[in-house]
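Sequence plus predicted model, see below.
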Amino acid sequence: VEIIKTRSLNTRSLITPKENQSKYLYDSVINRNEHIINLTETWLQSTIHREEEITKTFQGYHILRSDRNIELAKNRQDGEKEKQAGCMQLASKPLPLMELEKYSNGVSEFQISCIPTINTLMVNVYRPPDTSLAKFKEVVDKIDESISKYALQDTIIVMAGDLNFSHEVVEWKQDDGDLI
């Protein structure tokens, strides 16, 4: 693979009792011939959504998940919620994608995978809008720790996800109509 096509999407619930967005997403992915898709806010939970359900839909893709840690989320002291979170990476089978890390502190999640053939780390992060600085700092510190552990001098690091930063926090600049 010379050029790797990636996409990042917030699915806001991949599978609900009424609708299975994963079928729509699969059709979209196949039509675009994308290699890696980073999904956030999948709302998947290992106790409810078994791997077989997801695997059936995304045949021909590696599936890596980082679901919300429900046990940590139960204390609800610092923005923890038992739903509405999680990350997933999908990679087309010819592309070797290896899971290195996944983490949830009950508020935010991330996952890091490696594409060894091109010395690339893929980081996928979900941070809800109401995340406290302390909880997000935990995640950022863990990501930094993991990158330090796995990245070599010439490693390419691609970070994707949904950080939900408002315009009060980040000033998005435009250059010739494109976001920078």
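Sure thing, it's come through. Here the structure is a predicted model, which is why all the values come from computation and not from measurement.

rest of the way, CA atoms for contacts and neighbours
Will do.

For this structure, which segments count as helices?
21-32, 51-57, 70-73, 133-150 (DSSP state H).

so which of those helices is the most packed in?
A comparison of the helices of the chain by mean neighbour count, using mean count of other Cα atoms under 10 Å, puts helix 70-73 on top with a mean of 16.

And stretch 98-110, end to end?
In terms of Cα to Cα, to the nearest Å, the two terminal residues of stretch 98-110 are separated by 15 Å.

Scan the helices and strands of the chain for the one with the lowest mean pLDDT.
strand 178-179 (a mean of 53; mean pLDDT, DSSP states H and E).

Throw the helices of the chain into CSV and include distance to residue 92 and mean pLDDT, thanks.
Listed next are the helices of the chain as CSV, based on distance: least, Cα to Cα, whole Å; pLDDT from 0 to 100:
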stretch, distance to residue 92, mean pLDDT
helix 21-32, 10, 71
helix 51-57, 12, 69
helix 70-73, 29, 68
helix 133-150, 22, 95
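
can you put those in JSON lines and add distance to residue 91?
Below are those laid out as JSON lines (distance: least, Cα to Cα, whole Å):
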{"stretch": "helix 21-32", "distance to residue 91": "10"}
{"stretch": "helix 51-57", "distance to residue 91": "12"}
{"stretch": "helix 70-73", "distance to residue 91": "26"}
{"stretch": "helix 133-150", "distance to residue 91": "20"}
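
Compare those and give me the one nearest residue 4.
Nearest to residue 4 among those is helix 21-32 (11.8 Å), distances taken as Cα to Cα.

what stretches of the chain score poorly on pLDDT?
Low-confidence segments of the chain (pLDDT under 70): 1, 16-22, 28-29, 46-54, 70, 72-83, 172, 174-180.

In this protein, what residue spans correspond to strands?
6-10, 36-40, 61-66, 87-92, 98-104, 109-115, 120-126, 156-162, 174-175, 178-179 (DSSP state E).

will you turn those strands into JSON lines that also has distance to residue 133?
What follows is the strands of the chain, written out as JSON lines (distance: least, Cα to Cα, whole Å):
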{"stretch": "strand 6-10", "distance to residue 133": "22"}
{"stretch": "strand 36-40", "distance to residue 133": "20"}
{"stretch": "strand 61-66", "distance to residue 133": "21"}
{"stretch": "strand 87-92", "distance to residue 133": "20"}
{"stretch": "strand 98-104", "distance to residue 133": "15"}
{"stretch": "strand 109-115", "distance to residue 133": "14"}
{"stretch": "strand 120-126", "distance to residue 133": "14"}
{"stretch": "strand 156-162", "distance to residue 133": "16"}
{"stretch": "strand 174-175", "distance to residue 133": "27"}
{"stretch": "strand 178-179", "distance to residue 133": "25"}
